[in-house]
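1. only geometry, no sequence info:
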């Protein structure tokens, strides 16, 4: 088993809970008493009793004895009535916080989520978040069905399988989009600059998350590291890439974080440690009024020693979370030139906590600040050199390093 799953996961990378607390208390927990004297838990049990006495279940028999069901497949399938009500109450409480990245997972959802963070799952392969209250594509995963279908960073998803996404949480959207290999999901999206909504019919597949590519161009003398995600493998792979970079004796480096939706916080700090001096703050975690700000500091790796490196970091609207931590630190310390487009602006920390052996809670525990104290969540990162991606840019051009943003970085490093 992966050791990182044996502790709460901090990912870069949704009620009536009083009822849940009381219900658990009835099963022997210390939460049996009201947590808040102003809340009368009797209200919950009154509703519970009315449901028992009056509610007509969606699964019943007609006069001929045929079973009738008006329900559709949900995350509550296979659960007892008591479990459905308990989990529904917890979900309602969590959703009342109105944070798109905080969510309670039923056994079915928890299993799916834990599979995803290990790096393999079935779906269409893209990271989504909420931007201006709308479910938005942060970045399609390279080689995934979503990328092949033509979805782009910034696309606003307005319908999933004909269902409107208004008031839908991120995790609710993900649950509908994800599904078994070979099945189809339809998305309707709004794309800036296009008059009418675009419809996509996409066949789901097994998704493998890529981590990193590296290359050295002897002609330009530039070494490039393309980081797709801050997964569990990125620390070792980035170290290998940096070691290879040093062996080339090049002093020109491009780190491409475009379309990188993030991942492990620890990996972002580790990556920044190759450039940020030891002991310097890489990122600060603001826990609000709950506790003091926590500063995460550089390990100060000496692989580059006193070597001067001219560094460009490529970012765009698909650069989020851990990507913004690395780029923000390098920008604040003037160790790199950020080139491209404004980043997504997902500057929050989610911790995954196992509530029971089968259920879990993904909860926002802090907000990120760059070393200069700028909030990543407020507006994302603005590049030093603003270079909008050409509208004609293709995925193949990005892979081949022939797109206009990459070529601009090459021009900058060689001038």
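-> Now that the structure is in, tell me what you want to look at. The structure presented is a predicted model; accordingly, all values stated were derived computationally and were not measured.

2. please enumerate the strands of the stretch 301-415 of the chain.
-> Remark: strands assigned in the stretch 301-415 of the chain by DSSP state E, counting those that start in this stretch are 310-315, 337-340, 348-354, 360-369, 385-386.

3. tally of neighbours for residue 290?
-> 8 (other C-beta atoms under 10 Å). For the C-beta atoms, the positions are set from N, CA and C on the backbone; glycine is no exception.

4. one more: the one 10 residues further on?
-> When neighbours are defined as other C-beta under 10 Å, residue 300 has 13 of them.

5. enumerate every residue touching it.
-> If a contact means C-beta atoms under 8 Å, 6 or more residues apart in numbering, then residue 300 has 273, 276, 277, 278, 279, 280 as its contacts.

6. try residue 383
-> 315, 338, 339, 340, 341, 342.

7. need those residues in CSV (columns: distance to residue 215, pLDDT and neighbour count).
-> Shown next, in CSV, are the contacts of residue 383 (distance: C-beta to C-beta, whole Å; pLDDT from 0 to 100; neighbours: other C-beta atoms under 10 Å):
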residue, distance to residue 215, pLDDT, neighbour count
315, 19, 98, 31
338, 21, 99, 24
339, 18, 99, 23
340, 19, 98, 28
341, 23, 97, 23
342, 26, 96, 17
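
8. ok, the residues you listed vs residue 368, which is closest?
-> Checking these against residue 368 with C-beta to C-beta, the nearest one is residue 315 at 15.2 Å.

9. so that closest one sits against residue 340, correct?
-> Yes. Assessed by C-beta atoms under 8 Å, residue 315 is found in contact with residue 340 at 4.8 Å.

10. can you list residues touching both of these two?
-> Common neighbours of residue 315 and residue 340 (criterion: C-beta under 8 Å, 6+ apart): 258, 383.

11. show the contacting residues for the nearest residue to residue 344 once chain neighbours are set aside.
-> In space, and not counting its chain neighbours, residue 344 is closest to residue 320: 3.8 Å by C-beta to C-beta, 6 or more residues apart in numbering. Contact analysis of residue 320 by C-beta under 8 Å, 6+ apart lists 12, 127, 129, 138, 139, 260, 261, 262, 343, 344, 345, 346.

12. give the contact list for the third one.
-> Residue 129 sits next to 100, 101, 135, 136, 138, 170, 261, 320, 344, 346 when contact means C-beta under 8 Å, 6+ apart.

13. likewise for the second one?
-> Listed by C-beta under 8 Å, 6+ apart, the contact partners of residue 127 are 137, 138, 139, 141, 261, 262, 318, 320.

14. what about 10 Å?
-> Counting by C-beta atoms under 10 Å, 6 or more residues apart in numbering, residue 127 makes contact with 13, 136-141, 146, 153, 170, 174, 209, 229, 259-263, 318, 320-321, 344, 346.

15. what does residue 205 give?
-> Here residue 205 is in contact with 122-125, 143-146, 148, 180-183 (C-beta under 10 Å, 6+ apart).

16. beta-bridge partners for it, please?
-> With DSSP bridges applied, residue 205 shows beta-bridge pairing to residue 123.

17. how close does it get to residue 122?
-> 7 Å (C-beta to C-beta, to the nearest Å).

18. residues contacting the spatially closest residue to residue 388 that is not a sequence neighbour?
-> Distances taken as C-beta to C-beta, 6+ apart put residue 341 closest to residue 388, at 6.1 Å, once the chain neighbours are dropped. With contact set as C-beta under 10 Å, 6+ apart, residue 341 has these partners: 153-154, 258, 314-319, 380-383, 386-389, 405.

19. just the buried ones among the residues you listed, please.
-> Among the contacts of residue 341, those classed as buried by neighbour count (16 or more other C-beta atoms under 10 Å) are 153-154, 258, 314-319, 380-381, 383, 387, 389, 405.
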